[in-house]
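>>> Build the 3D model from these lines:
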Amino acid sequence: MPAPHELATDVSPGIPRGGEREARRTLDSWLADGIGAYGERRDDLAADATSRLSAHLHLGCVAPLEVVERAEAAPGGADFVRQLCWRDFNHQLLAARPDASVADLRPRGDRWRSDSAGLAAWAEGRTGYPLVDAGMRQLRAEGFMHNRARLVTASFLVKHMYVDWRLGAAHFESLLVDGDLANNRLNWQWVAGTGADTRPNRVFNPTRQAQRYDPNGEYVRRWVPELAHLEGASVHEPWRAGGLLAPTGYPPPIVEHEEAVRRFRRARGLPGR
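Numbering: from 1, shown residues only. Next up, the predicted model:
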């Protein structure tokens, strides 16, 4: 049997253990200690209060039907089961539309920008937006990223940078242990506004998202050590008001938020803001 390093050229150092035994241990622990607070804490970036079952589900180490049946019997299980339903929805959608892995479900007439330097900065976690960079660095380190961070990092690439969602999806798949084709590709389409979404032109403000879901900056400091010296929410705006709060070595923002939103809206033929 080949070793992990023989199967991939860029294996994350913090990759989780696999196998059915580990999957069942994770499920048992989640049902005993985590699921009850899932509805209130699932977007808490610092708490990391999610099941960590996605890779086990993707690789078939535990069956989704078993997870649903056991979760439904647990206090607070309804919120978690709802998310599993979205997982199944994406599988059904891709089965009905196999081309959705590479083609827009709902074309918006996008003419994506070519920005190899920007794409590399995003992939390396050096955009100058701390939450975006924290998420991308978690991905490289663990082969996993918190779902809220996935939304923000994906939105940043397709709407702030206006880079093709397929490039982002491919990068995620190169590192994600739970890189399920249906869920990865169709969630990227949801963020890009080309999929099953009634608000195709929403843009996540990465700074506001950080202030809301990582209010004390713990998640950012965990993954962006250059900013570890900053206290509280100041970690989310290290370049605020032109002041160099960040140490030398942390990059300035590669794009300004309002400018990026205006560019995106022009590209989609939307009224200016």
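
>>> so where is the stretch 101-250 of the chain shaky, pLDDT-wise?
By pLDDT under 70, the low-scoring segments of the stretch 101-250 of the chain are 241-248.

>>> can you map out the helices along it?
Remark: helices assigned in the stretch 101-250 of the chain by DSSP state H, counting those that start in this stretch are 116-124, 130-142, 147-155, 165-175, 181-192, 206-213, 218-223.

>>> okay if I get the ones you listed as CSV plus mean neighbour count?
C-betas here are computed from N, CA, C, even on glycine. Formatted as CSV, the helices of the stretch 101-250 of the chain follow (neighbours: other Cβ atoms under 10 Å):
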stretch, mean neighbour count
helix 116-124, 16
helix 130-142, 25
helix 147-155, 23
helix 165-175, 20
helix 181-192, 23
helix 206-213, 19
helix 218-223, 21
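
>>> Ala47 is nearest to which of the ones you listed?
helix 218-223 (8.6 Å; Cβ to Cβ).

>>> Next SSE downstream of the closest one?
Using DSSP states H and E, the helix or strand that follows helix 218-223 towards the C-terminus is helix 257-267.

>>> what angle do that next one and helix 206-213 make?
120 degrees (axes from the mean of the first three to the mean of the last three Cα atoms, to 10 degrees).

>>> Does anything pack onto helix 257-267? Which helices or strands?
Counting contacts by 3 or more Cβ pairs under 8 Å, 6 or more residues apart in numbering; DSSP states H and E, helix 257-267 packs against no other helix or strand.

>>> Which of the helices of the stretch 101-250 of the chain sits closest to Leu57?
helix 181-192 (9.5 Å).

>>> tell me what that closest one is packed against?
helix 77-96, helix 147-155, helix 165-175.

>>> Turn those into CSV, columns for distance to Asn205.
Shown next, in CSV, are the helices and strands packed on helix 181-192 (distance: least, Cβ to Cβ, whole Å):
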stretch, distance to Asn205
helix 77-96, 23
helix 147-155, 9
helix 165-175, 18
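
>>> which one of those helices lies closest to Gly14?
Closest among the helices and strands packed on helix 181-192, using Cβ to Cβ: helix 165-175, at 11.2 Å.

>>> what's the closest one packed up against?
Judged by 3+ Cβ pairs under 8 Å, 6+ apart, helix 165-175 is in contact with helix 116-124, helix 130-142, helix 147-155, helix 181-192.

>>> As a markdown table, those helices with distance to Gly18 would be great.
Converted to a markdown table, the helices and strands packed on helix 165-175 look like this (distance: least, Cβ to Cβ, whole Å):
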| stretch | distance to Gly18 |
| --- | --- |
| helix 116-124 | 25 |
| helix 130-142 | 13 |
| helix 147-155 | 20 |
| helix 181-192 | 18 |
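
>>> what's the closest of those to His171?
Closest to His171 of the helices and strands packed on helix 165-175, according to Cβ to Cβ: helix 116-124, at 5.4 Å.

>>> just to revisit the earlier point, could you point out which of the helices of the stretch 101-250 of the chain sits nearest Arg266?
The minimum distance between Arg266 and the helices of the stretch 101-250 of the chain falls on helix 181-192, with 16.5 Å, by Cβ to Cβ.

>>> Next up, the contacts around Ala170.
Not one residue lies near Ala170 by Cβ atoms under 8 Å, 6 or more residues apart in numbering.

>>> centroid residue for this protein?
Nearest to the mean C-alpha position of the chain, by Cα atoms, centre = their mean, lies Arg150 at 0.9 Å.

>>> returning to that earlier point: of all the helices of the stretch 101-250 of the chain, which lies closest to Tyr250?
Judged by Cβ to Cβ, the one of those that comes nearest to Tyr250 is helix 130-142, at 8.5 Å.

>>> Once you drop chain neighbours, what's closest to Arg24?
Once flanking residues are discounted, Arg24 sits nearest to Val62: 6.5 Å by Cβ to Cβ, 6 or more residues apart in numbering.

>>> helix/strand/coil for that neighbour?
Under DSSP: H, G, I helix; E, B strand; the rest coil, the three-state class of Val62 is coil.

>>> What's the local residue count around the spatially closest residue to Tyr219 that is not a sequence neighbour?
Distances taken as Cβ to Cβ, 6+ apart put Leu45 closest to Tyr219, at 3.8 Å, once the chain neighbours are dropped. Using other Cβ atoms under 10 Å as the criterion, Leu45 is surrounded by 27 other residues.
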